[in-house]
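Enquirer: What follows is a predicted protein model with its sequence.
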Amino acid sequence: FTVFGRPIYFYGVLIALGFALAILYCTKHAPDFGLQGDDFVALMLWLMPLSIVGARLYYVLFFYTWAQIKADPLLVFRIRDGGLAIYGGVIGAALALLIRSRMRHERVWAPLDVMGFGLLIGQAAGRWGNFFNREAYGAETDIFCRMGLTLNGSTVYVHPTFLYESLWNLTGFLVLHFYFKKHKRKFDGQITLLYLAWYGLGRALIEGLRTDSLYIGSTGIRVSQLLAAIAEFYLAKFDGASDTKGNREILEQVINTLKDAANRAVTSRLGANAPLPTFEETLSDGSLAEHKSMLAYLAQKLTHLSIK
């Protein structure tokens with residue numbers, strides 16, 4: 001639709017709606033984390049532009065080639081043409097918060113804990129923008145919740161991966177919200193770590209179904225899956241919590257779940273007795289199953305490197 005002759009995209013509207021809902025929730029619950037609601041709003045106004053910059057830079061880095069950027073440098077700034085990545089936004093916001101907190105000698109982990117809830121809300125709402133854009137969908141399927149798309153004059157049915165991720169984030173928000181209504185945080189940063197574990201696990205699995213992933217050059221490695229695996233590895237090695245044993249048990253369950261899901265994805269295609277493909281074998285084939293097998297490879301390595 002248009003406003004004063006200017007096109008307005010539902011994708012942008014839904015992202016703005018998700019951001020507004022996240023801010024409302026976070027400002028209301030900020031006092032539970034020892035923060036003032038007004039201070040949190042001021043913090044978000046400072047972080048929001050930097051998160052947009054991070055989201056755009058991440059997309060540009062992994063979507064365009066240097067030749068394309070060199071031929072048309074202004075494409076880096078054409079956000080209205082599409083091209084924002086949530087991982088870049090999270091990284092940009094986290095770095096901005098770290099710099100600001102160092103400059104002002106303020107807490108880092110408590111604001112990040114509040115932001116963890118906000119991110120899940122925003123991502124659950126914002127993913128529906130992919131529905132209106134007819135993007136971020138998966139391979140063809142006959143699953144009961146399939147989505148129909150008209151491509152080149154014919155209708156195909158695909159995985160609605162935007163829906164999977166929206167529901168995954170909504171579930172994560174509800175679980176964390178109701179759990180921490182009854183249980184007190186054990187340390188600053190606990191919710192941040194749980195957010196990374198929850199979102200990383202879901203994104204790693206769902207990304208394997210998508211057909212429009214960002215890759216590292218021509219390696220066949222999906223950037224989002226790799227970052228998710230790195231996040232899970234960091235969580236498995238985390239040893240700074242006050243309840244170290246309890247947190248290790250939780251994170252070990254996350255790793256085991258990741259490994260089991262990845263193994264199921266591979267064995268459903270290759271057979272129960274087939275060995276997991278090696279990393280090199282994975283990169284030699286661009287099919288969906290082999291991308292899932294790379295996730296299995298990462299999960300297999302994580303279990304060897306995780307909790308001692």
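Expert: Noted; the coordinates are in hand.
Enquirer: Run through the strands of this structure in chain order.
Expert: 2-3, 6-7, 147-151, 154-158 (DSSP state E).
Enquirer: From the chain's centroid, how far away is stretch 68-88?
Expert: With CA atoms, centre = their mean, to the nearest Å as the basis, stretch 68-88 stands 19 Å off its chain's centre.
Enquirer: Please list the outside residues in contact with it.
Expert: 9, 11, 52, 54-60, 62-64, 123, 126, 133, 214, 223-224, 227 (CB atoms under 8 Å, 6 or more residues apart in numbering). C-betas here are computed from N, CA, C, even on glycine.
Enquirer: Ok, stretch 150-160 next?
Expert: Applying CB under 8 Å, 6+ apart, the external contacts of stretch 150-160 come out as 131, 137-143, 145-149, 209-211.
Enquirer: Which parts of the stretch 51-200 of the chain are helices?
Expert: Counting by DSSP state H, counting those that start in this stretch, the stretch 51-200 of the chain has helices at residues 66-71, 86-104, 109-126, 128-133, 161-182, 190-207.
Enquirer: Can you list the buried residues in the second one?
Expert: Residues 86-94, 96-97, 100-101 are the ones in helix 86-104 that count as buried (16 or more other CB atoms under 10 Å).
Enquirer: now do the longest one
Expert: The neighbour-count check on helix 161-182 (16+ other CB under 10 Å) flags 161-166, 168-170, 172-173, 176, 180 as buried.
Enquirer: likewise the fourth one?
Expert: In terms of neighbour count (16+ other CB under 10 Å), helix 128-133 has its buried residues at 128, 129, 130, 131.
Enquirer: Contacts only, for the second one.
Expert: It stands for residue 129. 9, 10, 11, 12, 13, 14, 15.
Enquirer: and with 6 Å instead?
Expert: Counting by CB atoms under 6 Å, 6 or more residues apart in numbering, residue 129 makes contact with 11, 14, 15.
Enquirer: ok, now how distant is it from residue 11?
Expert: 3 Å (CB to CB, to the nearest Å).
Enquirer: now the third one
Expert: For residue 130, the distance to residue 11 under the criterion CB to CB works out to 7 Å.
Enquirer: Look up the closest residue to residue 147, ignoring the ones flanking it.
Expert: With CB to CB, 6 or more residues apart in numbering as the criterion, residue 147 has its nearest non-adjacent residue at 4.1 Å, and that residue is residue 160.
Enquirer: Around that neighbour, how many other residues sit close by?
Expert: 24 (other CB atoms under 10 Å).
Enquirer: how near is it to residue 208?
Expert: 15 Å.
Enquirer: re the thing from before, of the buried residues of helix 161-182, which is the nearest to residue 33?
Expert: Checking the buried residues of helix 161-182 against residue 33 by CB to CB gives residue 180 as the nearest, at 10.1 Å.
Enquirer: Lowest-scoring secondary structure element of the chain by mean pLDDT?
Expert: helix 279-283 (a mean of 39; mean pLDDT, DSSP states H and E).
Enquirer: which of the buried residues of helix 86-104 sit farthest apart?
Expert: Going by CB to CB, the pair spanning these furthest: 86 and 101, at 22.1 Å.
Enquirer: about what we covered before: would you list the buried residues of helix 128-133 in CSV and tack on pLDDT?
Expert: Putting the buried residues of helix 128-133 into CSV (pLDDT from 0 to 100) gives the following:
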residue, pLDDT
128, 88
129, 85
130, 82
131, 85
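Enquirer: Just give the number of residues close to residue 84.
Expert: Count around residue 84 with other CB under 10 Å applied: 21.
Enquirer: Now it: closest residue in space, sequence neighbours ignored.
Expert: Closest to residue 84 by CB to CB, 6+ apart is residue 55, at 4.1 Å.
Enquirer: wait, that neighbour sits on residue 89?
Expert: Yes. Here residue 55 reaches residue 89: they are 3.7 Å apart, a contact under CB atoms under 6 Å.
Enquirer: Pass me the low-pLDDT residue ranges in the stretch 101-250 of the chain, would you?
Expert: By pLDDT under 70, the weakly predicted segments of the stretch 101-250 of the chain are 217-219, 231-250.
Enquirer: If we use 80, what do you get?
Expert: 133, 136, 151-152, 204, 208, 211-221, 223-250 (pLDDT under 80).
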